[in-house]
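[1] sharing a sequence plus its predicted fold:
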Amino acid sequence: MEPLTALKVPAMDGTLPLKPAGQVPDGCTGISSVAENALPNEAIHTVFHLNQAGEVDAHAFKTAALRIPGIGDIGIVPTRPVPEALNLYWQQYLAQGKQASMRYLERNQDKRADPGLLLPGSQSLVVILCPYRPPQGTRLHPRIALYAQGEDYHKVVKDKLFQLAKMLPSLPFRAFCDTAPLLEKFWASQAGLGWIGRNTLLIHPRFGSFCFIGILLTANRFDQYDTPLPESGLRLDKGSRLAPKESSSPTPALPDAEKARLKNEAMNLSRHEELQKLSPHPCSDCLKCVQACPGQALEPGQGLDARRCFSFLTIENQGERPPISTPYWFGCDICQSVCPANHIPWGETPSQKESPNANPAPSTSETRLSPSTSNEASNPAPSPFDPAFLPLPGLKELHPACLAAMDEAGFQKRFRHSPLCRAGRDGLLKNMEAWQAGHAQQVERQG
Ligand code: B12
Ligand code: SF4
Ligand code: SF4
């Protein structure tokens with residue numbers, strides 16, 4: 001879903017003017033910045049003190065960030081190249097053609113391997129997770145993947161990143177969600193926000209995988225950085241919750257001999273021990289997503305083959321569709337809905353030990369939906385769910401007869417703020433035809 005073609009998203013890059021220094025408390029030699037001009041009715045009065053080394057107080061910043069409604073968790077890592085093992089994996093992925101027709105995945109390999117190239121002078125990657133699974137009881141469109149039921153997440157998530165940028169001293173930054181050559185799931189795992197599961201998605205210990213990832217690349221340095229979550233514990237197949245056993249350490253640099261060995265190993269894609277060390281998956285011996293995938297697109301240890309993935313075929317594919325054998329007209333949620341990580345309600349076991357930074361889960365659907373303010377006293381726990389991700393009213397009109405009667409302009413009018421614009425009216429109609437063909441085939445086989 002990398003390039004944004006149909007939707008206009010405001011540029012979120014640049015620098016913001018630094019406010020005159022506020023009160024500098026004892027022990028701080030640096031500047032304070034007071035962020036203003038946040039979203040309407042959102043007054044963020046946060047003062048960040050730089051220490052003597054010119055670093056932002058990471059704990060204070062993350063605490064303030066979690067007061068922004070819709071941010072479920074946050075982690076920060078220093079800007080650095082991705083480990084060689086991952087680069088090699090990536091090269092192999094492309095060589096095997098698993099990117100299907102997503103040509104944008106072939107471009108900008110240098111930037112993907114080194115996010116520092118996306119922003120000269122960049123020091124840190126601030127990674128946020130925005131949960132998008134609506135509260136239980138919400139009426140959903142049964143044929144549209146969850147991520148596409150609400151407003152366009154690119155804009156919603158980038159708005160939050162922009163708010164974060166305003167809270168930092170004025171240095172260059174760039175805000176990304178989905179549209180840049182950046183391995184977002186990998187960086188989220190390095191920032192301690194979860195693990196990459198066999199469905200290839202980032203799984204947060206509390207919010208599961210129904211979360212968007214946003215990344216703020218900034219020239220600010222922080223006094224503390226996060227590390228990956230410990231390997232042990234989640235055991236999703238056994239239905240138990242995370243129980244970290246040991247603390248983790250940052251990714252080690254690899255010597256040349258080790259790189260050569262890894263290159264050989266990467267040629268044999270059935271082995272992923274090195275990647276496992278970087279970002280262990282929580283799946284243990286569970287294979288639910290692999291077995292449930294209708295396109296056999298998931299191969300254990302070998303990632304996802306987009307050529308066989310119905311998410312690709314219904315969202316990105318510009319050509320003809322094969323018959324669709326999923327419940328969905330747009331996107332696909334099967335490998336997420338079967339995952340035990342997504343069967344844990346947010347309200348359950350919100351132990352702070354599990355993920356030290358995460359926002360506490362809301363206890364009722366009312367609190368999830370009520371608009372939050374950043375006033376700590378009146379609302380100590382802002383909702384990690386942004387109501388922007390609730391199903392759009394226009395979805396009611398999304399069925400074949402209605403869509404056929406709509407012209408492209410009418411479609412754009414209703415869905416211009418929705419991820420559905422990526423396929424457009426014609427693309428969706430093609431999907432619906434392919435879905436009918438797929439279901440006719442199934443009926444035939446069963447009969
Ligand atoms: C291209 C793309 C797609 C493609 C390909 C998906 C894929 N898995 O590669 C298609 C169109 C199929 C797709 C589908 C979906 N996408 Co998409 N997509 C992207 C995009 C733009 C790039 C991903 C990419 O680089 N893929 C290429 C392959 C090589 O890399 P990878 O799978 O990311 O990672 C591999 C390596 O990094 C390596 N690796 C790294 N660490 C480790 C650790 C271990 C142990 C191992 C073995 C391997 C390993 O193996 C990984 C697994 O294959 C990202 C945004 C971004 N810029 O990152 C969003 C993104 C991944 N998509 C997202 C979403 C929501 C979806 C869908 C759920 C939408 C839907 N409902 O239909 C589906 C999910 C399908 C699935 N199971 O992945 C979210 C996922 C959020 C999350 N919680 O993880 C992202 C991050 C966008 C965002 N900003 O929120 N997507
Ligand atoms: S086809 Fe569906 S279940 Fe299979 S990998 Fe793609 S999104 Fe997941
Ligand atoms: S369904 Fe099982 S194997 Fe797949 S990601 Fe979830 S825990 Fe891992």
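    Right, received. Where do you want to start? Ligands and ions are numbered 1, 2, ... in the order given.

[2] quick one: neighbours of the closest residue to residue 414 other than its chain neighbours, just the number.
    Spatially, and ignoring its direct neighbours in sequence, residue 414 is nearest to residue 394 (3.8 Å; C-beta to C-beta, 6 or more residues apart in numbering). Glycine gets a C-beta too; all of them are placed from N, C-alpha and C. Residues near residue 394, counting by other C-beta atoms under 10 Å, number 16.

[3] what are the ranges of the helices in the stretch 301-447 of the chain?
    Using DSSP state H, counting those that start in this stretch, the helices found in the stretch 301-447 of the chain span residues 310-315, 334-337, 365-369, 400-405, 408-415, 424-446.

[4] with respect to the ones you listed, which exhibits the lowest mean confidence?
    The weakest mean pLDDT among the helices of the stretch 301-447 of the chain belongs to helix 365-369, with a mean of 27.

[5] residue 291 - how many residues pack around it?
    11.

[6] ok, residue 436 to residue 61 distance?
    51 Å (C-beta to C-beta, to the nearest Å).

[7] ok, those two, which is more surrounded?
    residue 61 (22 against 14).

[8] any idea which helix or strand carries that one?
    Per DSSP states H and E, residue 61 falls inside helix 58-65.

[9] residue ranges with poor pLDDT in the stretch 101-250 of the chain?
    231-250 (pLDDT under 70).

[10] now do the contacts for residue 146.
    Residue 146 sits next to 132, 133, 134, 140, 210, 333, 336 when contact means C-beta atoms under 8 Å, 6 or more residues apart in numbering.

[11] rerun at 10 Å
    Residue 146 is in contact with 132-134, 140, 210, 328, 331, 333, 336-337, 342, 389, 391, counting by C-beta atoms under 10 Å, 6 or more residues apart in numbering.

[12] widest-spaced pair of those?
    Largest separation among these by C-beta to C-beta: 342 and 391, giving 18.0 Å.

[13] what does this protein have sitting close to ligand 2?
    Taking C-beta under 6 Å from any ligand atom as the contact definition, the chain meets ligand 2 at 199, 293-295, 297-298, 304, 309-311, 332, 334-335.

[14] among those residues, who's most crowded?
    residue 310 (28 neighbours).

[15] quick check: closest non-adjacent residue to that one.
    residue 332 (4.3 Å).

[16] try residue 312
    residue 306 (4.1 Å).

[17] same check, this time on residue 213
    residue 184 is the one closest to residue 213 (C-beta to C-beta, 6+ apart), at 4.4 Å.

[18] ok, the one you found to residue 329 distance?
    For residue 184 relative to residue 329 (C-beta to C-beta), the value is 26 Å.
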